[in-house]
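Asker: Give me a model of this one.
(one chain, ligands or ions: 4)
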Amino acid sequence: MSSGEGGTESEYVESIEFVNPVPPELEIYCSICLDVLNEPHLTQCCGHHFCLSCLNAVKRKPCPLCKDQHLKAVLNKGLKRTINGLKVYCMHKSRGCPWTGELKDLSGHMQADKREGECPYVLLKCINDCGEMIQRLSLQNHEDVTCPKRPSSNPLEIARRVQALEAENESLKATVTQLKRANMTNEQIIAQLKLDLKSCTVDIAILKQQMLAMAQDDLPRLVTLNNQFTTPVEESFPTGGKRLVPYDFVFDNYARRCSNPELWFCSPFYTHPNGYKMCVRIAPQGLGNGEGTHVSVHSYLMKGEHDDMLMWPFRGAITIQLLNQLKDECHHEQMTDFNDRTPEQYCRRVTQVDRAGQGWGKSLFIAKSELHHDPIRQVQYLKDDCLKFRVVSVALRN
Ligand SMILES: [Zn+2]
Ligand SMILES: [Zn+2]
Ligand SMILES: [Zn+2]
Ligand SMILES: [Zn+2]
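Answerer: Ligands and ions are numbered 1, 2, ... in the order given. Prediction:
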């Protein structure tokens, strides 16, 4: 192998060559890396030598030679001394280095990776980052004269480089200008948005003023309206302020009242002009044998205006419908009869309190499962969380 000035070599194989033959009984090679032992350690299990670094690499594993589970080794200082004292050639002998010395001095002679050192044949990196590996003796010449990336002192070359740099500088300037322009456009957009926002705020303020003015103008009308709504509703009924059968009422908040049962009654109504006063209780959670499965509907007698002129106990049949909310057909209807077999407490005249303590009706008025949308029959009783009822008729029998 030869290499002249400026020559390059990308790689070379390191190997140690001894000046004198090594006695065959001397163990100088590691059983793991097969190289000359470095910090030789003697195993307790099988009496072989490993380098310290090789030993660390197989730590907590069985011995690579005898497979003993408990690999232990100690530094063999005697062997280390012997190996270090062996006479060797420089590893660049083939390139022409005449150096010989003890193994322990070899690395001092070579100073691998350092610019300064004794051995002129060590390969080093060019300082100009051209990527080439140059022998120490030619490194300076390569970097100053032959390296393609060397700094130049030729005026023409310098002028050419300045030109190139100036061109690069110009293009960078252009990029900066472009970026500045883009940034300016963004700023303009933001400014416009700010203006828009301001005018929106003004609009809102104007609207507020207008609303306030309107509210003030309309105040008398609103007060009148409010009074109308707060006037007792019964007064607005044409028949002397009484609700009469047929009478419709809405049971709302079905879901909430199911999970939170409460005593719920519709507003009172009269069965006829000068008739009986009644109300209806809806129990969406189900009462008695309908508990949990049915909606229960019970009718209650109340203390009424005309009770003195009426027959007691109450005898009659009250018909109540749960309305189909999809069309005016297929309403669910149940009739409750107050007759001679009806327990007396449901039929008697109410005197002490406003409403009878007990109601008479249907615990199984309708199964909860029937409330939902039936697309075939076009029936839906529960809609928008509401049930709608109608007291259709009360047929008196006396
Ligand atoms: Zn080794
Ligand atoms: Zn072993
Ligand atoms: Zn050398
Ligand atoms: Zn170079």
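Asker: Averaged pLDDT, the host helix or strand of residue 140. What do you get?
Answerer: For residue 140, the element it lies in under DSSP states H and E is helix 136-141. For helix 136-141, the mean pLDDT works out to 93.
Asker: near ligand 1, which residues of the chain show up?
Answerer: 30, 32-33, 51, 54 (CB under 5 Å from the ion). C-beta here means a position set from N, CA and C on the backbone, and glycine is covered the same way.
Asker: What is the following helix or strand past the helix holding residue 140 packed up against?
Answerer: Downstream of helix 136-141, the first helix or strand assigned by DSSP H and E is helix 155-230. Contacts defined by 3 or more CB pairs under 8 Å, 6 or more residues apart in numbering; DSSP states H and E place helix 155-230 against no helix or strand at all.
Asker: Average pLDDT for helix 155-230, rounded please.
Answerer: The average pLDDT for helix 155-230 rounds to 78.
Asker: cool, stretch 350-370 as well?
Answerer: Mean pLDDT, computed over stretch 350-370, is 91.
Asker: As PDB, could you dump the C-alpha coordinates of it?
Answerer: Output in PDB follows, covering the C-alpha atoms of stretch 350-370 (Å, rounded to 0.1, in the frame of the first residue of the first chain):
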ATOM      1  CA  VAL A 350    -117.000  17.100  50.500                       C
ATOM      2  CA  THR A 351    -117.600  19.500  53.300                       C
ATOM      3  CA  GLN A 352    -114.600  19.900  55.600                       C
ATOM      4  CA  VAL A 353    -111.800  20.200  53.000                       C
ATOM      5  CA  ASP A 354    -111.600  21.400  49.400                       C
ATOM      6  CA  ARG A 355    -111.100  18.000  47.800                       C
ATOM      7  CA  ALA A 356    -112.000  14.400  48.700                       C
ATOM      8  CA  GLY A 357    -109.300  12.400  50.300                       C
ATOM      9  CA  GLN A 358    -109.700   9.500  47.900                       C
ATOM     10  CA  GLY A 359    -110.200   9.400  44.200                       C
ATOM     11  CA  TRP A 360    -112.000   6.800  42.100                       C
ATOM     12  CA  GLY A 361    -110.600   5.600  38.800                       C
ATOM     13  CA  LYS A 362    -108.200   3.400  36.900                       C
ATOM     14  CA  SER A 363    -104.800   2.400  38.300                       C
ATOM     15  CA  LEU A 364    -104.300   0.600  34.900                       C
ATOM     16  CA  PHE A 365    -105.500   3.500  32.800                       C
ATOM     17  CA  ILE A 366    -102.900   2.900  30.200                       C
ATOM     18  CA  ALA A 367     -99.600   0.900  30.100                       C
ATOM     19  CA  LYS A 368     -96.600   3.100  29.900                       C
ATOM     20  CA  SER A 369     -95.300   1.000  27.000                       C
ATOM     21  CA  GLU A 370     -98.300   2.100  24.900                       C
END
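Asker: Tell me which residues are up against it.
Answerer: Contacts to stretch 350-370, defined as CB atoms under 8 Å, 6 or more residues apart in numbering, come from residues 265, 279-281, 284, 286-290, 293-303, 307, 320, 322, 332, 334, 336, 338, 342-343, 345-348, 381.
Asker: and if you look at stretch 247-255?
Answerer: Against stretch 247-255 from outside (CB under 8 Å, 6+ apart): 257, 264, 266-267, 269, 280, 282, 284, 323, 382, 385-391.
Asker: Now which of those would you call buried?
Answerer: The neighbour-count criterion (16 or more other CB atoms under 10 Å) marks 257, 266, 269, 280, 282, 284, 323, 382, 387-391 among those as buried.
Asker: nearest to ligand 4, of the residues you listed?
Answerer: Closest to ligand 4 out of these is residue 382 (89.2 Å), distances taken as CB to the ion.
Asker: which ones are touching the closest one?
Answerer: The neighbours of residue 382, taking CB under 8 Å, 6+ apart as the test, are 254, 371-372.
Asker: any weak-confidence spans in the stretch 1-150 of the chain?
Answerer: Along the stretch 1-150 of the chain, segments meeting pLDDT under 70 span 1-14.
Asker: Point out the residues in it that sit beside ligand 3.
Answerer: Counting by CB under 5 Å from the ion, the residues of the stretch 1-150 of the chain that sit close to ligand 3 are 90, 92, 97, 99, 119.
Asker: would you list those residues in CSV and tack on distance to residue 136, secondary structure and neighbour count?
Answerer: What follows is these, written out as CSV (distance: CB to CB, whole Å; DSSP: H, G, I helix; E, B strand; the rest coil; neighbours: other CB atoms under 10 Å):
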residue, distance to residue 136, secondary structure, neighbour count
90, 12, coil, 22
92, 10, coil, 21
97, 10, coil, 18
99, 13, coil, 18
119, 7, coil, 20
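Asker: want to try JSON lines for these, with distance to residue 133 as columns?
Answerer: Listed next are those as JSON lines, based on distance: CB to CB, whole Å:
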{"residue": "90", "distance to residue 133": "18"}
{"residue": "92", "distance to residue 133": "13"}
{"residue": "97", "distance to residue 133": "16"}
{"residue": "99", "distance to residue 133": "20"}
{"residue": "119", "distance to residue 133": "15"}
